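> build the 3D model from these lines:
(chains A and B, ligands or ions: 2)
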Amino acid sequence: MIIYKAKYFLRETANNLWQYKTRHFFSLTIICLSFLIVGLFLAISNNLRDRADDLSKNLVIVFYLQKSLPAAEQDLIEQQVRHSPLVADVRVISPAEASEKLLQDFPGLKDILMNLQTNPFPASIEATLKDPRTPYDQTLRFITEMKKNAGVEDVQFNRDWADKIQSLSRLAQAVGFFLGGILILASFIIISNVIKLNVFARKSEIEILRLVGGTNTFIRIPFLLEGISLGMAGSLLSLFLLLIITKIFPVYLGTSLGALQELISFRYLSFSQVISMVAGGGFVGFLGSLSSLSRFLRI
Amino acid sequence: MIELYHVWKQYQKPGWALSDVTITVKKGEFCFITGPSGSGKSTLLKTMYREVVPTEGQIIIGGKNILKIPDHKIYLLRRNMGIVYQDFRLLFHRRVFDNVAVALQVIGAPMKDMKRKVFIALRMVNLHHRIWDYPSHLSYGEQQRLAIARAVVNNPRILLADEPTGNLDPKLAVEIIGLFKEINKQGTTVIICTHDKELIRQFGDRILFLHEGKLLRKDAA
Ligand SMILES: Nc1ncnc2c1ncn2[C@@H]1O[C@H](COP(=O)(O)OP(=O)(O)OP(=O)(O)O)[C@@H](O)[C@H]1O
Ligand SMILES: [Mg+2]
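Numbering: from 1, shown residues only, chains lettered A, B, ... in the order given. Ligands and ions are numbered 1, 2, ... in the order given. Next comes the predicted model:
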């Protein structure tokens, strides 16, 4: 009996959605765009967070050495770095290696480098920290200690970057939730209005259902299902569009930036985010139609 | 058993659509309500399934005061009734089949059962060949027969019919009332509003005559 009813309700819902397709199509578009914006910001935030996580997974301090530093002094600095209890691994990068690496990453820069005649890169020492959770002030003390060396020209610590990107990720998320909140509220209002129109359009039909002995639930369920379908379809559609965007965006960037595309591998939403987007769509639809029914389809 | 006690109905002041109507229709009875246009026949029928709530009076059906049933329980009353409306009230964007099936769908009847019952009901009114058509393609008389099929499809205990033969030719009218008579023989209480004196003469066990909302004649069978 439950299956027969389910069949009936689904058929009824499909019929009704089809009957007012223009109305439903427009509302679907707006709902889809709203969810797309939420999804976009979520994706951006995800990617930034990934980047930050990558960076902080192996924290690296790079000491740039003075140009034409005598080999003996360079060895001395290297020894000093190696002996620090914070450091796990040390790698010395010669000017030649540095320029090679750059050429690998950005082949387009080859001509410029060739024209320079001399190698613009200083030698550097890359120190990987033992523990990514090393307290910041400890690292900082180590860096200031090292800076006292005359041979050390400059120091770069990617923890700063990680922090900056991390906070950007949080910003993107906050903006996403704020905009998303407003847009989803709009979706709610749209769905609630569409259901209201549907209720009015089917007044006589509702009347007949009541006269032949339909319960309130029986009469309401198709309307609720309509709202839920609209919300879910909207969010599903937006996820699909987002998928296309995340696939196309890096390709587009790739053609305009050459080798840089390696740096921008755009990741899609996580599984749980996808699920919550779809469920959220359904929930917004459910609430939208429920609010309409409680106002316009009282017993 | 359907009992009406001192039922009054006023739609607008002045004038009463029903004034002080007291009737009792016993279980299994077959009864006509007649009277001139505007005399309150439809109103009287509508009070019995509570589409119209009387201004005064009490209505008791099957021992229950139907005016005391809460709105969300009224479906229980209506599920026991088959009703043919004067204005048919068909679902015009549903097929003939669905129009009859809806009476079974609301009670959650299984699909297999439903198909069989719908077909039988449509054959009774000789409309089974139009089962997949839309009501808007049917003539008035055919629409009326469709409304009748919907009313009888789930063997109601009470059958209320408002001018069920208004658009039918005399031969078909006799057939339809004959059908109601058959249903009545199986224990269903039948109340029919009609203008048709010929039908009343032919089938009338009991006739209630309304005039300006008042009951004029109460002759039991
Ligand atoms: N919804 C309504 N609002 C106001 N007045 C109404 C309403 N329904 C019926 N009436 C009035 O109540 C009176 C009785 O109407 P009713 O429909 O019961 O008559 P009837 O006997 O069924 O007539 P007919 O034979 O033409 O169908 C009429 O005067 C009608 O104008
Ligand atoms: Mg009438």
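> over to B:Asp133. Which of the three states is it?
Three-state assignment for B:Asp133 (DSSP: H, G, I helix; E, B strand; the rest coil): coil.
> any idea of the pLDDT on it?
Note for B:Asp133: predicted pLDDT of 94.
> and for it, the neighbour number?
Using other Cβ atoms under 10 Å in any protein chain shown, B:Asp133 is surrounded by 15 other residues. Quick note: C-beta positions are derived from backbone N, CA and C, even for glycine.
> separation between the closest residue in space to it that isn't next to it in sequence and B:Ile131?
Excluding the flanking residues, the one nearest B:Asp133 by Cβ to Cβ, 6 or more residues apart in numbering or on different chains is B:Val96, at 5.4 Å. B:Val96 sits 5 Å away from B:Ile131, going by Cβ to Cβ, to the nearest Å.
> can you check which residues contact both of these two?
Shared contacts of B:Val96 and B:Ile131 (Cβ atoms under 8 Å, 6 or more residues apart in numbering or on different chains): B:Leu122.
> okay, these two: which has more neighbours?
Per other Cβ under 10 Å, whichever of B:Val96 and B:Ile131 has more neighbours is B:Val96, with 28 against 16.
> need phi/psi at the more buried one.
Main-chain dihedrals, B:Val96, degrees, to the nearest 10: phi -50, psi -50.
> got the contact list for it?
B:122, B:127, B:130-135, B:138, B:146.
> change it to 7 Å
For B:Val96, the contacting residues are B:127, B:130-133, B:135, B:146, by Cβ atoms under 7 Å, 6 or more residues apart in numbering or on different chains.
> for the stretch 101-250 of chain A, what are the low-confidence residue spans?
Within the stretch 101-250 of chain A, the stretches with pLDDT under 70 are A:250.
> which SS state does B:Asp20 fall under?
strand.
> hmm, it is touching B:Trp8, no?
Yes - under the criterion of Cβ atoms under 7 Å, B:Asp20 makes contact with B:Trp8 at 6.2 Å.
> in the chain, which spans are strands?
Went with chain A since none was named. Taking DSSP state E, the strands of chain A run over residues A:60-65, A:87-93, A:124-129, A:152-157.
> my question was about chain B
B:2-9, B:18-25, B:30-34, B:56-61, B:64-65, B:81-84, B:158-162, B:189-193, B:206-211, B:214-219.
> near chain A, which residues of chain B?
Residues of chain B lying close to chain A (Cβ under 7 Å from any Cβ of the partner chain) are B:71-72, B:75, B:78-79, B:83, B:89, B:91, B:93, B:102-103, B:105-108, B:110-111.
> among the residues you listed, which are in helices?
Residues of the residues of chain B next to chain A located in helices (DSSP state H): B:75, B:78, B:102-103, B:105, B:111.
> just the buried ones from these?
Using 16 or more other Cβ atoms under 10 Å in any protein chain shown as the burial test, those include B:75, B:78, B:102-103, B:105 as buried.
> send me stretch B:12-29 as CSV with only the CA atoms.
Extracted in CSV, the C-alpha atoms of stretch B:12-29 (Å, rounded to 0.1, in the frame of the first residue of the first chain):
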residue,chain,number,x,y,z
GLN,B,12,-27.5,35.7,2.5
LYS,B,13,-30.1,37.7,4.2
PRO,B,14,-33.0,37.7,3.7
GLY,B,15,-34.5,34.4,2.7
TRP,B,16,-33.7,30.8,3.6
ALA,B,17,-32.3,28.2,1.3
LEU,B,18,-33.5,25.6,3.8
SER,B,19,-36.0,26.2,6.5
ASP,B,20,-36.7,23.8,9.3
VAL,B,21,-36.1,20.6,7.4
THR,B,22,-36.4,17.5,9.4
ILE,B,23,-36.1,14.1,7.6
THR,B,24,-34.9,10.6,8.4
VAL,B,25,-33.6,8.4,5.6
LYS,B,26,-33.2,4.8,6.8
LYS,B,27,-30.3,2.6,5.9
GLY,B,28,-30.9,1.0,2.5
GLU,B,29,-33.6,3.4,1.5
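> what's the mean pLDDT across that stretch?
The average pLDDT within stretch B:12-29 is 90.
> may I see the buried residues of it?
B:16-19, B:21, B:23, B:25, B:29.
> what's the burial count for residue 51?
Here I'm looking at chain A. A:Arg51 has 20 neighbouring residues, counting by other Cβ under 10 Å.
> my question was about chain B
Applying other Cβ under 10 Å, we find 17 other residues in the vicinity of B:Glu51.
> try the one 10 residues further on
For B:Ile61, the tally of surrounding residues (other Cβ under 10 Å) stands at 22.
> check what pLDDT the residue lying closest to it once chain neighbours are set aside gets.
Closest residue in space to B:Ile61, ignoring its immediate chain neighbours: B:Ile2 at 5.2 Å, by Cβ to Cβ, 6+ apart. Looking at B:Ile2, its pLDDT stands at 92.
> kindly report the same for the one 3 residues further on.
Per-residue pLDDT puts B:Tyr5 at 93.
> contacts only, for residue 151.
Just so you know, I chose chain A. Counting by Cβ under 7 Å, 6+ apart, A:Gly151 touches A:65-66, A:69, A:73-74, A:77.
> if you could check chain B rather than the one you did, that'd help
For B:Ala151, the contacting residues are B:82-84, B:159, B:161, by Cβ under 7 Å, 6+ apart.
> count of residues packed around residue 73?
Picked chain A for this. 14.
> I was thinking of chain B, sorry if that wasn't clear
11.
> do A:Leu40 as well
With other Cβ under 10 Å as criterion, A:Leu40 counts 20.
> quick check: it vs ligand 2, distance?
Going from A:Leu40 to ligand 2 by Cβ to the ion, to the nearest Å gives 61 Å.
> not counting its neighbours along the chain, what's nearest that residue?
Looking at A:Leu40 with Cβ to Cβ, 6+ apart, the closest residue is A:Leu242, at 6.6 Å.
> thinking again about what came up before, would TSV of the ones in helices among the residues of chain B next to chain A with pLDDT be doable?
Output for these, formatted as TSV (pLDDT from 0 to 100):
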residue	pLDDT
B:Tyr75	91
B:Arg78	93
B:Val102	91
B:Ala103	92
B:Gln105	89
B:Met111	78
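> from the contacts of A:Gly151, pick the one nearest ligand 2.
The nearest member of the contacts of A:Gly151 to ligand 2, counting by Cβ to the ion, is A:Leu65 at 104.5 Å.
> touching, that closest one and A:Gln74? I think so.
Yes - using Cβ under 7 Å, A:Leu65 is in contact with A:Gln74, at 6.1 Å.
> of these two, who's got more company?
Neighbour count, other Cβ under 10 Å: between A:Leu65 and A:Gln74, A:Leu65 has more, with 22 against 17.
> list the beta-bridge partners for the more buried one.
A:Val152 (DSSP bridges).
> from A:Leu183, how far off is it?
From A:Leu65 to A:Leu183 the distance is 53 Å (Cβ to Cβ).
> could you do B:Leu44 as well?
55 Å.
> now swap in B:Gly187 and tell me
Counting by Cβ to Cβ - B:Gly187 and A:Leu183 are separated by 61 Å.
> the residue of the stretch 51-200 of chain A found nearest chain B and ligand 2: what is the separation?
Across the stretch 51-200 of chain A, the shortest distance to chain B (Cβ to the nearest Cβ) belongs to A:Asn198, at 13.2 Å. Distance from A:Asn198 to ligand 2, counting by Cβ to the ion: 31 Å.
> please look at that residue and A:Leu225 and confirm they touch.
No - A:Asn198 lies out of contact with A:Leu225 (Cβ under 7 Å); the separation is 11.4 Å.
> of those two, which one has the most company?
Shown here are A:Asn198 and A:Leu225; by other Cβ under 10 Å, A:Asn198 has more neighbours (23 against 20).
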